[in-house]
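In: Test case, fold it:
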Amino acid sequence: QVQLVESGGGLVQAGGSLRLSCAASGRIFSINDMGWYRQAPGKQRELVATITSGGRANYADSVKGRFTISRDNAKNTVYLQMNSLKPEDTAVYYCNADLQSWVVAPTLPGTRANYWGQGTQVTVSS
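Out: Reported below is the predicted structural model:
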């Protein structure tokens, strides 16, 4: 019904930049908050940044000043611009969306649920 597809991960040297994208598709009625989370090997998944439908952003302390989250509501897409990357930023990055899908018709709201993408690997070498 609903899919989140991430892209933009890869290998980069410390100090470099990457831009992640996540496009939501399917039976979407509306999208509330969108965000990025990450999980490093042997660690729990943690919040990186979130953004409301109105554009208000929230960041983890560890990425403030280096990462910027943004979204294009017309494209149902959220972005994460990552600058000044550090080896400790190495992780699988997951897109998340709190959204309402539709079941009967595109103009009628259906179920509200939380959706995750499949994840994209970001590796920062020292």
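In: Give the next helix or strand downstream of whichever strand or helix holds Cys95.
Out: Using DSSP states H and E, Cys95 sits within strand 91-101. Downstream of strand 91-101, the first helix or strand assigned by DSSP H and E is strand 112-116.
In: helices or strands up against the helix or strand that that following strand is followed by?
Out: Next helix or strand after strand 112-116 toward the C-terminus (DSSP H and E): strand 120-125. The contact analysis (3 or more Cβ pairs under 8 Å, 6 or more residues apart in numbering; DSSP states H and E) places strand 120-125 against strand 10-13, strand 18-26, strand 91-101. Quick note: C-beta positions are derived from backbone N, CA and C, even for glycine.
In: Phi first, then psi, for the most far-flung residue of the chain relative to its centre.
Out: The centre of the chain is farthest from one residue, Val104, which by Cα atoms, centre = their mean lies 27.9 Å away. Main-chain torsions, Val104, degrees, to the nearest 10: phi -80, psi -50.
In: what pLDDT does it get?
Out: What the model reports as pLDDT for Val104 is 84.
In: That one contacts Gly110, doesn't it?
Out: Yes - Val104 lies in contact with Gly110 (Cβ atoms under 8 Å); the separation is 7.2 Å.
In: how about the CA coordinates for the strand holding Cys95, as PDB?
Out: Extracted C-alpha coordinates of strand 91-101, given in PDB (Å, rounded to 0.1, in the frame of the first residue of the first chain):
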ATOM      1  CA  ALA A  91      25.400   3.500  10.100                       C
ATOM      2  CA  VAL A  92      22.400   2.300   8.200                       C
ATOM      3  CA  TYR A  93      20.100   5.200   7.800                       C
ATOM      4  CA  TYR A  94      16.400   4.700   7.800                       C
ATOM      5  CA  CYS A  95      13.600   6.900   6.600                       C
ATOM      6  CA  ASN A  96      10.400   7.200   8.700                       C
ATOM      7  CA  ALA A  97       7.000   8.700   8.000                       C
ATOM      8  CA  ASP A  98       3.900   9.100  10.100                       C
ATOM      9  CA  LEU A  99       1.200   9.100   7.600                       C
ATOM     10  CA  GLN A 100      -2.400   8.400   6.800                       C
ATOM     11  CA  SER A 101      -3.100   6.100   3.900                       C
END
